[in-house]
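Chemist: my questions are about this predicted structure, shown below with the sequence.
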Amino acid sequence: MKNKKTVAAVGLTCVLASGLLLGNIDYATHTYAAAKLAVKETAAVAGTVKKNAAQKKAAQGVEKEESVYVTLDANGGTQDIVVSDWLKNSGVGTTLKDQSDLSEIQNTKGDEAFTQDGEELSWEAGEQDIYYQGKSDKELPVSMEITYKLDGQEITPEELAGKSGKLEMKITYKNNSRKRVKVAGEKKEVYTPFVMATGMILPVEKFSNVQVDNGQVLSEGDNDIVAVYGMPGLKESLDLDNLDFGDDVSVDLDKVTDKITDTATITADVKDFEMGQTYTIATASIFKDIDFGDLDGTDELNDKMDDLSDAATELVDGSDKIQDNLKNLDSKFDTYAEAVGTLEDSVETLNDGSQKINKAAGKYTSSTDKLLNAVNTYVDGAKKFSESTKTYSQGTKKLIEGVGQLYTAAAPFPKSYEEFNTQLEAYTTGVSALLSEDNMNSLANAAASLKNGVETADKGLKQVQSGVAAINKGASELNNQDTAALIEGLQAVAASGDAQTSQIAKMAISYIQGAEKLAASVDASTNGTPDGDLDGNGAKDLAAALAQIEAATDTQSKEMNLYTGAGALEKSVGEIAKNAETIRGYKAPIMDASAKVNASVGEITSNLNTIYKSGQLITANNKKLESAADSLSKNAGKIKKNSKKLTSSSASFRKATKTLANGTKKLFNGVKKLAGSTDQVSDGIGKLAEGALDLYDGMKQFQDEGTGKLADAVTSLLDGSDDLQNRAKAVNKAAVNYKSFSGISDDMDGSVKFIMTTKEIKAEK
């Protein structure tokens, strides 16, 4: 039975190693599961794998599963370490005790609280599993270094980007976790047995002739999938270079040691070099369940060989079942592949839709931000509009009243202006006639005659003044003289003189005659007889009359001095004549302008009437406008409040659509990879079916021909490999003891894996 367990464990390890060699960790995992199923079906051969972890969990109720995510640069240098821990609680208690040296610890899936005392953690789990993560900066137990050569010359990743030529990429895995332990009583250095596998996708448009020395290259459409692996420190832990199986066993150790290596080299012809991220998984769990302790001693060797013979028979039967199951899987895979294709189309449609939604959401939320600003402006404007509406209403009322008054006042304008226009035409016609050339000539002649007449009148006036003075003097001496002689004398002067002198003499005669009448009336009133005409008061009256004549002649003399002004008038007549022609030319423009004004007056009054009527309609609607403005102002506050809610909701909507777009994009990429791998998986199933057939044939041959030889070889191997056995036990123990990177309680079982991602190499655009 012990032999069966050992064979099963070794078989499982070999199957997993084969999976790594095929270059696909997922494939290795599934193959591992398939191998476990096969072992179960051939229980007589394989037995059961020890369930140490399950037993411990059942005993104490808590298991810690840890994943360490490491971000590397393109050369493999560590940039960031994030650790994710899962405490599996079987429900035995509400408080979980844990140990961790992480910083920035936070619960990632629940709201369970914890307390911390140094590195001791206490979680209030309430019978729930705990998921938490934190950060670390301590040295990793494993690391890797990547170097690049182009055409034989070492080159940095930055320099390599965009270059073409023969590429050599070397990955060196390093194991930093080792201890000195006792092996067969001696201190030996043993490494924790980490297996590290690296995968990458190389597009065929940039990579061709891809080859690896310790892994596998799988072609998948437009890409080559490369997977390589290494077991750093294992060769040293097993001391394979110094291993001796004895002369009875012929073993080519080079074939073994070549595969237990810590380096992997990838070569390819590259064009415009660019490379995406690489992914590396490191774990020691593979070696935990291998128990080399059952091989102690040789007393049970014959029993083990008998068991091995029986196991060979069971293996033949088991391989036959595997073959049948793979045939069934192969026949049903077409349905699966078709479903994956449909899923890819559906997810692509979903992804396109979510991306469009995300873009539309960005535009929508951007618009809501603008809307909020516009609403704020609108609300302020609405308030101002409401206030301005009242002012406008009052102003329009006054304006229309003024227009009505203006219209009333302007109503007579057309008729009045028509009369004015008629008068203006008559006036301009008269002015033109007055300023005609003939009148200007007559005016010039009259001005000259006036000047001459004034000079003559002046001379006659002086003579009259002298005569009046003499008359006055003589009149004062008159007593009983008859005034008839005086009048005759004046008449003689009037007849003999020129027109001006004659006029003055006639005026004097009039004055004398008036004086006579006055004297007569006086004498008549006093004496009652005509004999006293010039006596007493009558004479005095005559003297007074003559004084009046003298004064009149003085005045006339002063007026006659205007001949000086007449001379100036004569000079001005020439200028007047010149301007008269210009004035006459103004008539036509004046009349044209007047006609236009006359037409405009009618139009103005008509427009005033229209404005007035329209204004009445406006004022009639002002109350409605004021009411609407009040409603607008009241609703503005509600609009502003609701718009804030809208923008707040749009932010959540924008975040949700972005999350949706990112999620569907990742889903689409994953489904696309899945769909792209269906052909590869189908080919793999076919190859597995073929391999299962070969396995069956081989098992049959092994049963027929190899059992005896194998028994002999095992006997020799055990006799000569005590040291290998002891070292293998130490390696197994190191794997079992490595439970956590960040720390773990003594009474807790655990497992840990490292997932490392390198930075992509891109050429600058």
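Modeler: Done, it's in.
Chemist: what average pLDDT does stretch 157-176 get?
Modeler: Throughout stretch 157-176, pLDDT has a mean value of 97.
Chemist: contacts only, for residue 157.
Modeler: 73, 74, 75, 148, 761 (CB atoms under 8 Å, 6 or more residues apart in numbering). Heads up, the C-betas are built off the backbone N, CA and C, glycines and all.
Chemist: if I look at it, how far off is residue 271?
Modeler: 17 Å (CB to CB, to the nearest Å).
Chemist: hmm, back to that, who wins for neighbours among the contacts of residue 157?
Modeler: Highest neighbour count within those: residue 148, with 21 neighbours (other CB atoms under 10 Å).
Chemist: surely that one is in contact with residue 165?
Modeler: No: the criterion here is CB atoms under 8 Å, and residue 148 misses it with residue 165 at 11.0 Å.
Chemist: and stretch 406-414, how far apart are its ends?
Modeler: Distance across stretch 406-414, first residue to last, is 14 Å (CA to CA, to the nearest Å).
Chemist: all further residue positions should be reported with the first residue as 12.
Modeler: Sure, I'll start counting at 12 from here, so that last one is stretch 417-425.
Chemist: poorly predicted segments of the stretch 112-261 of the chain, please.
Modeler: The model of the stretch 112-261 of the chain has pLDDT under 70 over residues 255-261.
Chemist: tell me, how many residues neighbour residue 169?
Modeler: Neighbours of residue 169 (other CB under 10 Å): 11.
Chemist: brain fart, residue 739
Modeler: The local packing of residue 739 (other CB under 10 Å) involves 21 other residues.
Chemist: read off the pLDDT value for it.
Modeler: 85.
Chemist: now name the helix or strand holding it.
Modeler: helix 733-748 (DSSP states H and E).
Chemist: report all helices and strands that that helix contacts.
Modeler: Packed against helix 733-748 by the contact rule (3 or more CB pairs under 8 Å, 6 or more residues apart in numbering; DSSP states H and E) you find strand 189-194, strand 197-202, helix 245-249.
Chemist: run the last query once more with 10 Å
Modeler: Other helices and strands packing on helix 733-748, by 3 or more CB pairs under 10 Å, 6 or more residues apart in numbering; DSSP states H and E, are strand 189-194, strand 197-202, helix 245-249, helix 718-731.
Chemist: give the next helix or strand downstream of that helix.
Modeler: strand 760-769.
Chemist: report the buried residues of that following strand.
Modeler: Across strand 760-769, burial judged by 16 or more other CB atoms under 10 Å covers 760, 761, 762, 763, 764, 765, 767, 769.
Chemist: within the sheet, what are the partner strands of that strand, with directions?
Modeler: Paired neighbours of strand 760-769 in the sheet (DSSP bridges): strand 73-83 (parallel), strand 290-294 (antiparallel).
Chemist: so which of those strands is nearest residue 136?
Modeler: Closest to residue 136 of the strands paired with strand 760-769, according to CB to CB: strand 73-83, at 9.1 Å.
Chemist: could you list the buried residues of stretch 153-162?
Modeler: So for stretch 153-162, counting by 16+ other CB under 10 Å, buried means 153, 154, 155, 157, 158, 159, 160, 161.
Chemist: check contacts around the fifth one.
Modeler: Listed by CB atoms under 10 Å, 6 or more residues apart in numbering, the contact set of residue 158 reads 86, 87, 165, 166, 167, 168, 179, 180, 181, 182, 183, 276.
Chemist: hang on, isn't the first one packed against residue 770?
Modeler: What that stands for is residue 86. Yes: using CB atoms under 10 Å, residue 86 is in contact with residue 770, at 9.1 Å.
Chemist: I'd like the next helix or strand past the one helix or strand residue 91 maps to.
Modeler: Assigned by DSSP H and E, residue 91 belongs to strand 89-100. As assigned by DSSP H and E, the chain's next helix or strand after strand 89-100 is strand 106-110.
Chemist: how about the helix or strand just after that following strand as CSV, C-alpha atoms only?
Modeler: As assigned by DSSP H and E, the chain's next helix or strand after strand 106-110 is strand 114-118. In CSV, the C-alpha atoms belonging to strand 114-118 read as follows (Å, rounded to 0.1, in the frame of the first residue of the first chain):
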residue,chain,number,x,y,z
SER,A,114,1.1,47.3,6.1
GLU,A,115,-2.1,49.1,5.0
ILE,A,116,-4.2,46.1,5.9
GLN,A,117,-7.8,46.4,4.8
ASN,A,118,-10.9,44.0,4.6
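Chemist: buried stuff in the very next helix or strand once past strand 114-118?
Modeler: Once the chain leaves strand 114-118, the next helix or strand it forms, by DSSP H and E, is strand 125-128. Under the neighbour-count criterion of 16+ other CB under 10 Å, strand 125-128 has residue 125 buried.
Chemist: the helix or strand just after strand 125-128 - which strands sit beside it in the sheet, and in what orientation?
Modeler: Using DSSP H and E, the helix or strand that follows strand 125-128 towards the C-terminus is strand 131-135. Applying DSSP bridges to the sheet, strand 131-135 is found paired with strand 106-110 (antiparallel), strand 125-128 (antiparallel).
Chemist: using JSON lines, please lay out those strands together with distance to residue 405.
Modeler: Shown next, in JSON lines, are these (distance: least, CB to CB, whole Å):
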{"stretch": "strand 106-110", "distance to residue 405": "80"}
{"stretch": "strand 125-128", "distance to residue 405": "73"}
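Chemist: for residue 240, find the nearest of those strands.
Modeler: With CB to CB as the measure, strand 106-110 is the member of these nearest residue 240 (31.5 Å).
Chemist: the closest one to strand 89-100, inter-axis angle?
Modeler: Counting by axes from the mean of the first three to the mean of the last three CA atoms, to 10 degrees, strand 106-110 lies at 150 degrees to strand 89-100.
Chemist: touching strand 106-110 from outside, list them.
Modeler: For strand 106-110, using CB under 10 Å, 6+ apart, the contacting residues are 72-73, 75, 96, 98-100, 123, 125-127, 129-141, 143, 751, 753-759.
Chemist: please redo it, this time with the cut-off set to 6 Å
Modeler: 98, 130, 132, 133, 134, 136, 754, 755, 756 (CB atoms under 6 Å, 6 or more residues apart in numbering).
Chemist: likewise stretch 269-286?
Modeler: With CB under 6 Å, 6+ apart, stretch 269-286 has contacts from 171, 173-175, 178-184, 217-226, 239, 241-243, 245-246, 772-774.
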